[in-house]
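Participant: below are the sequence and a predicted model; questions follow.
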Amino acid sequence: MGNTNPTDCKRQVLIDCADTIWSCDTIDKATTFIRSMDTPICLSNYVSGELQLPSSASTTFINSVEPKTGAIFATLPCTQPSDVEEAIRQARTAFKTWSKTTRVERSGHLRRMSELLRAHRELFAVWESIDQGKTLERARIEVDRAISNFSYFSTYILHEQTAARMVDGVALTYEHRSPAGVFALISPWNMPLYLLTWKIAPCLAFGCTAVAKPSEVTSMSAYLLGVLFQKAGLPGGVVNIVLGDGPTTGQALVTSPLIDGVSFTGGTQTGIAIRQATAHQIRKHLSLELGGKNPTLVFADSMTSSKREATIRIAASAAFENQGEICLCGSRIYVERSVYGEFVLKFTEHVRKKYVLRETVGAVASLQHYNKIRGYLRQAASENATFHLGGVSDPQDKAGNQGYWIAPAILTDVARESVVQTDEIFGPVVTITPFENEEHAVELSNDSQYGLAAIVLTADGARMRRVGEQMEAGLVWVNCWLVRELGTPFGGMKNSGTGREGGDYSRDVFTVVRTLHLPA
Ligand SMILES: NC(=O)C1=CN([C@@H]2O[C@H](COP(=O)(O)OP(=O)(O)OC[C@H]3O[C@@H](n4cnc5c(N)ncnc54)[C@H](O)[C@@H]3O)[C@@H](O)[C@H]2O)C=CC1
Ligand SMILES: O=C(O)/C=C/C=C(\O)C(=O)O
């Protein structure tokens with residue numbers, strides 16, 4: 001490149017690559033391009049409508065790795081506090097205008113985003129799959145949901161109603177809502193685009209502006225989203241995307257006194273750290289969606305010959321979809337004793353056929369995460385758990401790639417108090433345990449610090465409600481999993497978080513409400 005300064009070199013790579021990245025809409029094109037580069041792709045921030053690298057001379061760079069091969073393919077700036085502050089200032093300036101736009105105007109911008117994303121569906125899916133390790137099929141599902149995130153909130157705001165009430169003929173009251181301000185939107189690495197847009201779409205729809213930070217592990221789709229915002233002609237500063245790690249970039253963002261609210265999805269320990277770091281900023285609204293260790297309950301009546309196939313299919317996808325890297329995954333399966341042996345056998349058979357032989361499980365997101373999951377597998381082995389599938393030594397996929405591949409693991413004989421049973425592993429690892437009766441099933445399910453989701457598989461209508469209503473979980477799915485309607489409240493109980501998002505609940509996060517009393 002004829003350039004010796006690493007930052008200048010990266011700026012050059014950034015400019016040189018942009019068009020080519022945008023033209024890579026198949027895995028083949030993208031991988032050929034990556035392999036042809038003699039330096040990694042440089043990802044940039046999106047601030048005030050511009051794709052740019054941070055200006056701070058002390059900016060360092062973080063490598064981004066393709067989980068399927070373990071090779072570095074991109075590099076991203078670790079944005080320093082001074083540049084984070086500048087992005088927040090841009091969002092504050094934009095807020096003055098954006099918060100005053102009409103709902104029709106905002107709806108139009110969101111609709112354009114959903115249409116543009118639809119037009120580039122394959123491009124986003126390809127890069128998401130490369131960056132995160134998930135299968136292309138799974139990545140497509142997630143891009144579709146990102147499209148829905150924009151389209152749902154683009155129409156939601158057009159139909160929003162405010163009710164007025166007469167109080168004893170003395171006063172007429174109504175709720176007046178206004179945009180809550182500038183938000184820090186922090187998203188994790190398991191469903192990067194899906195979860196980032198789940199925050200950006202409502203934030204903008206309700207008239208707020210944002211500084212968003214994706215995970216440093218998976219920043220590619222956020223970079224592409226910045227390009228898309230530019231193509232969509234969104235006014236500069238309404239959304240700003242800063243790349244970087246948690247301790248430097250994320251911490252500066254969430255603690256800034258110029259930030260009015262934080263919407264965060266990620267691990268429970270990070271959620272606690274954010275809550276602690278902002279504890280003195282009482283006015284700052286916090287919405288925290290954290291980890292889960294969700295139970296799947298299999299009652300004997302769901303294993304009759306006509307129901308068995310669906311039961312096993314639901315339990316398996318709840319356990320292994322996206323390599324188990326979804327906070328809603330059912331990673332603790334409890335089975336009624338009378339069908340326990342049969343379930344373990346049939347479940348293992350199904351997972352072997354569907355996920356292992358057909359290779360519908362991707363690689364896990366990072367080396368750090370790979371080591372964490374393997375640590376739990378080793379722990380299980382040392383506690384004499386039975387491995388029906390998977391094991392400790394499977395570091396390669398069938399083609400011999402050196403990526404972060406972990407075969408689905410099915411474990412039984414894991415003690416109730418084992419960390420394998422109590423910690424969020426967030427990988428393709430499931431435990432199966434028998435229960436004696438309904439009361440026992442509920443007790444085992446609720447024996448967790450987490451309370452995000454629960455899956456109940458039964459043919460008994462009365463039990464669906466009876467058990468469902470006893471689950472200490474924000475989301476309960478009966479005979480289904482991950483069915484989502486974007487207006488329903490989404491969030492967890494216990495250490496799985498605080499606050500709900502979706503439809504009216506997102507409106508509550510991104511607006512402030514005052515009650516007006518007018519003379520009757
Ligand atoms: N959706 C979920 O429920 C997720 C759960 N996890 C769980 O958490 C475990 C740890 O994963 P991590 O990679 O540590 O995820 P994390 O919770 O640290 O990462 C989520 C996001 O938070 C940011 N972040 C980290 N520290 C921050 C801070 N002090 N202030 C502001 N932002 C900060 C990260 O940069 C990232 O964008 C995983 O193994 C998994 O068990 C992780 C990611 C998603
Ligand atoms: O909103 C959904 O449908 C799924 C959300 C998943 C997460 O928040 C997660 O895995 O972290």
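Facilitator: The structure has been received and is ready for your questions. Ligands and ions are numbered 1, 2, ... in the order given.
Participant: and the closest residue to Met493 other than its chain neighbours, how far is that from Asp168?
Facilitator: In space, and not counting its chain neighbours, Met493 is closest to Gly451: 3.2 Å by C-beta to C-beta, 6 or more residues apart in numbering. (Glycine included, C-beta is placed from N, CA and C.) Counting by C-beta to C-beta, to the nearest Å, the separation of Gly451 from Asp168 is 41 Å.
Participant: compare those two (neighbour count), which wins?
Facilitator: Taking other C-beta atoms under 10 Å, Gly451 and Asp168 do not tie; Gly451 has more neighbours (23 against 6).
Participant: neighbours around Gly250, how many?
Facilitator: As a burial measure, Gly250 scores 26 neighbours (other C-beta under 10 Å).
Participant: now it, what's its secondary structure?
Facilitator: Three-state call for Gly250 (DSSP: H, G, I helix; E, B strand; the rest coil): helix.
Participant: just give me the longest helix of this protein.
Facilitator: helix 136-159 (DSSP state H).
Participant: next structured bit after that one?
Facilitator: strand 164-167 (DSSP states H and E).
Participant: and the contacts of that next one?
Facilitator: Identification of contacts with strand 164-167 by C-beta atoms under 8 Å, 6 or more residues apart in numbering yields Leu172, Thr173, Tyr174, His517, Ala520.
Participant: ok, now with 7 Å
Facilitator: Residues outside strand 164-167 that contact it (C-beta atoms under 7 Å, 6 or more residues apart in numbering): Leu172, Thr173, Tyr174, Ala520.
Participant: three-state assignment of the third one?
Facilitator: So that's Tyr174. Following three-state DSSP, Tyr174 is assigned to strand.
Participant: Thr162 versus that one, what's the distance?
Facilitator: Tyr174 is 6 Å from Thr162, where distance means C-beta to C-beta.
Participant: mind checking pLDDT for the residue of the stretch 401-520 of the chain found nearest ligand 2?
Facilitator: Nearest residue of the stretch 401-520 of the chain to ligand 2 (C-beta to the nearest ligand atom) works out as Arg484 at 4.5 Å. As predicted, Arg484 sits at a pLDDT of 97.
Participant: burial count for it?
Facilitator: By other C-beta under 10 Å, 13 other residues sit near Arg484.
Participant: looking at the stretch 301-450 of the chain, which residue is nearest ligand 2?
Facilitator: Cys327 (3.5 Å).
Participant: that residue touches Leu452, doesn't it?
Facilitator: Yes: contact criterion C-beta atoms under 7 Å: Cys327 and Leu452 qualify, at 5.9 Å.
Participant: overlap in contacts of the two?
Facilitator: Gly292.
Participant: what does the stretch 351-500 of the chain put close to ligand 2?
Facilitator: For the stretch 351-500 of the chain, the contact set with ligand 2 under C-beta under 6 Å from any ligand atom comprises Arg484, Phe490.
Participant: for ligand 1, give me its nearest residue in the stretch 351-500 of the chain.
Facilitator: When scored by C-beta to the nearest ligand atom, the stretch 351-500 of the chain has Phe426 as its residue closest to ligand 1, at 3.6 Å.
Participant: nearest spatial neighbour of that residue, skipping sequence neighbours?
Facilitator: In this structure, Phe426 finds its nearest non-sequential neighbour in Glu325, 5.6 Å apart by C-beta to C-beta, 6+ apart.
Participant: mind checking how far the one you found is from ligand 1?
Facilitator: To ligand 1, Glu325 is 8 Å away according to C-beta to the nearest ligand atom, to the nearest Å.
Participant: do the helix or strand where Thr296 lies and ligand 2 meet?
Facilitator: Element membership for Thr296, per DSSP H and E: strand 294-298. No: between strand 294-298 and ligand 2, judged by C-beta under 6 Å from any ligand atom, nothing touches; the nearest distance is 10.7 Å.
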